[in-house]
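> okay, predicted coordinates and the sequence, questions at the end:
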Amino acid sequence: MAEFLEVAFNVPLPGTFTYRNLPAKGAAIGLRVSAPFGRRELVGWVVGESDTSSLPPTQIKAITRTVDAEPLFGAATTGLARWMAGMYLSGLGECLAAMLPSGRREIGAPALASDDLPIVDHALVLSDEQRSALERITSAPSGTWYLSGLTGSGKTEVFLQAAEASLAEGRGAIYLVPEIALTGQVVEAARLRFGERCAVLHSRLSPSNRLSEWRRILRGEADVVIGARSAVFAPVTKLGLIIIDEEHEGSYKASNAPRYHARQVAMKRAAMEGARLVMGSATPSAEAWHLMAEGGVEKLGLTRRLAGGALPKVEVVDLSGEGSPISSRLAEAVRDAHRRGGQSILFLNRRGFSYFFRCKSCGAEIRCRHCSVALTYHKDRNALVCHWCGYRVPPPRSCPECGSLDVGWSGFGTEQVEEEATRLFPDLRIGRLDADTVAKKGELERVLGDFREGRLDLLLGTQMVAKGLNFPLVKTVGVVLADTSLNLPDFRAAERAFSLVVQVAGRAGRFSPDGLVIIQTLRPHSYVIRHAAALDVAGFYEEELAVRRELGFPPYARLIRLVFRAREHERAPAAARAFAQALAPSIPAGAELLGPAECPIALVAGTARWQLIVRAPGIAAIHRAVGELLSTWERPAGLRLEVDVDPVSLM
């Protein structure tokens, strides 16, 4: 047993800390320990051990106790954590905290119910396209492939059979999904197919349940792991395959330090462990599409639906002349689907009753007092609510700026669409899914179950109705306002808008040839809407990548975003300017500093936000320059600094 331990803590500091081991029941690499850290007692991870130390003995404190009886991780996990700390400019302990479970005791994990159709417990017969894709994936022990195919083309079955092939080789598999709550079909299929060999890791598990599953994987009792973003770290021994389903989803990027992207981590881990990496989506990310075009990733195509469905007919409706959020054409299509015994889905990426409350005389908007965003009107609560910090106030009877009584809502959200749908379709049974309705425990499962069983005729909601849902009776899908995310000041706005429209359109006609999608928009001539209506992924990326190349945004450039936050508002711009001034001399030729400037949402929960963006054709030089400055920069009191390498949003 070593005398000294190298311990990493979940603190935003580089490096590790040396402690003296306990003489009797001491700790070793892979265990958690409790140790004094300043005036606090923290739990950290042992990442190294030694019998000697260069520090004076009086400066070395002893650990207080060990937390675990058995190691939680090994050398591979430590190596990946060190790579992450360097890549994402984070502390090693922050990376280990993101990777490892934090449970204290172990109990059994609950089963998850399927949100979708019944699943068979055996491999299905593959189509020629599916079989060809599977043969390419299994043709080499390692490599990277992308399964690109329209919704309903059978990607899931290829993924599952690739996992079976990996198990047959004596190697394990990790299957990543964007959100477990909306992918119960995959979870149930894997559990039926792999039994006790399947472990599930997701945010709904308590820390104790998560630790229990982690231990099962460590012991080799489970070698197929399904989970959201952090399941990429599962301690699968002899890893042979990593699957990233719906690779385009933004939820694969962590929003807190370390701000890792599961796709990048999966690529690194697959390379380190000699595993296969298979990604898939009907709407690949711009980075993945570019990699396929350049030959960095082999593209495998699936071009037809397997359940008897066909690509839906798509119509574009200009909302400019309509007086309702549900156009006359969309209303007609919903009624027609109902007459034919079918169901309909209405999608709007905005909850609440209206986008904002405004004065019709002077144009003043009622904005959040803590955030630089307009408040959203929620009619059912009779309140104006901030979706960023939760602040709420009653709607005013007169304009606080000019005193006019001519005040009211503008735009529309899911509440108003539900109210209008109830008026237009009094004989239809209507359900709504958004962040407000599913806050009640079990409501998501109840509404999806009612819709699946035919107890609802019309389902309306936000993004959650666009993802992974697979209902045979859906004949009509209406995108109530396709432009919602197009108006955001972010370089990925067009990509997100296109992906959402195509994904939600994929809910129609999966099992029959008479699916209909109606896209309502105020910008019918936008290239985003035009390609989405044609379900033309290649055409969209040809135009979108040309714009990205011209403007110098990913995938033709690499970005590092630094966000300076402070409650004393003047501190944020002062710190941002000082950092930019210190960084400027070390910025290499060909790179540039954008800003500093206020973030598009400049105030959140009373905290001022300024950002500095470093841009270059490659990452190495700017990464080194930013990292070196961060290692010596003294952060001013009262300031928080967020470092985001390869950001997915600039909001």
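That came through fine.
> who's in contact with stretch 584-594?
For stretch 584-594, contacts defined as Cβ atoms under 8 Å, 6 or more residues apart in numbering pick out 580, 583, 612-617, 621-622, 625, 628-629. Where you see a C-beta, it was placed from the backbone N, CA and C, and this is true even at glycine.
> please apply the same query to stretch 155-173.
123-124, 126, 130, 133-134, 137-138, 141, 147, 149, 175, 185-186, 189-190, 193-194, 197, 223-225, 236-243, 245, 275-276, 278, 280, 302.
> how far does it sit from the chain's center?
Relative to its chain's centre, stretch 155-173 lies at 24 Å (Cα atoms, centre = their mean, to the nearest Å).
> before we move on, what about stretch 334-345?
Its chain's average C-alpha position is 32 Å from that of stretch 334-345, according to Cα atoms, centre = their mean.
> what residues sit buried inside that stretch?
Buried residues in stretch 334-345, counted by 16 or more other Cβ atoms under 10 Å: 334-335, 337-338, 342-345.
> any chance of the contacts of stretch 584-594 in TSV, with secondary structure, pLDDT and distance to Gly442 too?
Compiled in TSV, those are given as follows (DSSP: H, G, I helix; E, B strand; the rest coil; pLDDT from 0 to 100; distance: Cβ to Cβ, whole Å):
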residue	secondary structure	pLDDT	distance to Gly442
Ala580	helix	96	49
Leu583	helix	97	50
Leu612	strand	95	44
Ile613	strand	94	42
Val614	strand	96	46
Arg615	strand	95	46
Ala616	strand	96	49
Pro617	coil	95	50
Ala621	helix	91	52
Ile622	helix	96	48
Ala625	helix	96	51
Glu628	helix	95	51
Leu629	helix	96	49
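> now the residues you listed in TSV, with distance to Thr521?
Formatted as TSV, the contacts of stretch 584-594 follow (distance: Cβ to Cβ, whole Å):
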residue	distance to Thr521
Ala580	39
Leu583	42
Leu612	35
Ile613	30
Val614	35
Arg615	31
Ala616	36
Pro617	35
Ala621	42
Ile622	38
Ala625	43
Glu628	47
Leu629	45
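> tell me the one of the residues you listed nearest Ser327?
Ile613 (39.6 Å; Cβ to Cβ).
> which residue ranges of the stretch 501-650 of the chain form helices?
Using DSSP state H, counting those that start in this stretch, the helices of the stretch 501-650 of the chain run over 527-533, 537-551, 571-583, 620-632.
> and of these, who's closest to Asn10?
Closest to Asn10 of the helices of the stretch 501-650 of the chain, according to Cβ to Cβ: helix 620-632, at 17.9 Å.
> what residues of the longest strand along the chain count as buried?
In the chain, taking DSSP state E as the definition, the longest strand is strand 592-604. By neighbour count with 16+ other Cβ under 10 Å, strand 592-604 contains the buried residues 593, 595-596, 598-599, 602-604.
> helix or strand: which one has the closest residue to Asn10 other than its chain neighbours?
Once flanking residues are discounted, Asn10 sits nearest to Ala97: 3.8 Å by Cβ to Cβ, 6 or more residues apart in numbering. Element membership of Ala97, judged by DSSP states H and E, is helix 92-99.
> quick check: next helix or strand after that helix?
Next helix or strand after helix 92-99 toward the C-terminus (DSSP H and E): helix 128-137.
> give me the angle between the next helix or strand after that following helix and helix 128-137.
Sequence-wise, the next helix or strand downstream of helix 128-137 (DSSP H and E) is strand 143-149. Per axes from the mean of the first three to the mean of the last three Cα atoms, to 10 degrees, the angle that strand 143-149 makes with helix 128-137 is 170 degrees.
> by contact count, what packs against strand 143-149?
helix 128-137, helix 155-168, strand 276-281, helix 286-294, strand 298-302 (3 or more Cβ pairs under 8 Å, 6 or more residues apart in numbering; DSSP states H and E).
> again, 10 Å this time
With contacts defined as 3 or more Cβ pairs under 10 Å, 6 or more residues apart in numbering; DSSP states H and E, strand 143-149 has these neighbours: helix 128-137, helix 155-168, strand 239-245, helix 262-273, strand 276-281, helix 286-294, strand 298-302.
> using PDB, write down the CA coordinates of it.
Provided in PDB are the C-alpha atoms of strand 143-149 (Å, rounded to 0.1, in the frame of the first residue of the first chain):
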ATOM      1  CA  GLY A 143     -13.400   2.400 -37.500                       C
ATOM      2  CA  THR A 144     -16.100   5.100 -37.700                       C
ATOM      3  CA  TRP A 145     -19.300   4.800 -39.700                       C
ATOM      4  CA  TYR A 146     -22.400   7.000 -40.100                       C
ATOM      5  CA  LEU A 147     -25.900   5.400 -40.700                       C
ATOM      6  CA  SER A 148     -27.700   8.200 -42.500                       C
ATOM      7  CA  GLY A 149     -31.300   7.400 -43.300                       C
END
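> quick one: average pLDDT of that strand?
In this model, strand 143-149 has a mean pLDDT of 94.
> partners of it in the sheet?
According to DSSP bridges, strand 143-149 forms sheet pairs with strand 276-281 (parallel), strand 298-302 (parallel).
> thinking again about what came up before, for Arg65, find the nearest of the helices of the stretch 501-650 of the chain.
When the helices of the stretch 501-650 of the chain are compared (using Cβ to Cβ), the closest one is helix 620-632, at 32.1 Å.
> so what touches that closest one?
Helix 620-632 has contacts (Cβ atoms under 10 Å, 6 or more residues apart in numbering) with 14-15, 86-89, 558-560, 562, 579, 582-593, 612, 614-616, 633, 641, 643, 645.
> got any ranges where the stretch 401-550 of the chain has weak pLDDT?
Counting by pLDDT under 70, the stretch 401-550 of the chain has low-confidence residues at 408-413, 436, 438-439, 464-469, 487, 509-512.
> re earlier: can I get the helices and strands packed on strand 143-149 in JSON lines with distance to Val47, mean pLDDT and mean neighbour count?
Listed next are those as JSON lines, based on distance: least, Cβ to Cβ, whole Å; pLDDT from 0 to 100; neighbours: other Cβ atoms under 10 Å:
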{"stretch": "helix 128-137", "distance to Val47": "34", "mean pLDDT": "96", "mean neighbour count": "18"}
{"stretch": "helix 155-168", "distance to Val47": "29", "mean pLDDT": "95", "mean neighbour count": "21"}
{"stretch": "strand 239-245", "distance to Val47": "21", "mean pLDDT": "97", "mean neighbour count": "26"}
{"stretch": "helix 262-273", "distance to Val47": "17", "mean pLDDT": "97", "mean neighbour count": "20"}
{"stretch": "strand 276-281", "distance to Val47": "26", "mean pLDDT": "96", "mean neighbour count": "26"}
{"stretch": "helix 286-294", "distance to Val47": "31", "mean pLDDT": "95", "mean neighbour count": "19"}
{"stretch": "strand 298-302", "distance to Val47": "36", "mean pLDDT": "93", "mean neighbour count": "18"}
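> so which of the ones you listed gets nearest Gln59?
helix 262-273 (35.0 Å).
> the residue nearest the centre of the chain - nearest residue in space that isn't next to it in sequence?
Centrality entry for the chain: nearest residue to the mean C-alpha point is Ser251, 0.3 Å, by Cα atoms, centre = their mean. Distances taken as Cβ to Cβ, 6+ apart place Pro178 nearest to Ser251, at 4.7 Å, with adjacent residues excluded.
> backbone dihedrals for the one you found, both of them.
phi -70, psi -40 (degrees, to the nearest 10).
> hang on, the earlier thing: save the helices and strands packed on strand 143-149 as CSV, and put in distance to Pro472 too.
Below are these laid out as CSV (distance: least, Cβ to Cβ, whole Å):
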stretch, distance to Pro472
helix 128-137, 20
helix 155-168, 16
strand 239-245, 21
helix 262-273, 31
strand 276-281, 22
helix 286-294, 30
strand 298-302, 20
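> which helix or which strand is home to Leu346?
Per DSSP H and E: Leu346 is located in strand 343-347.
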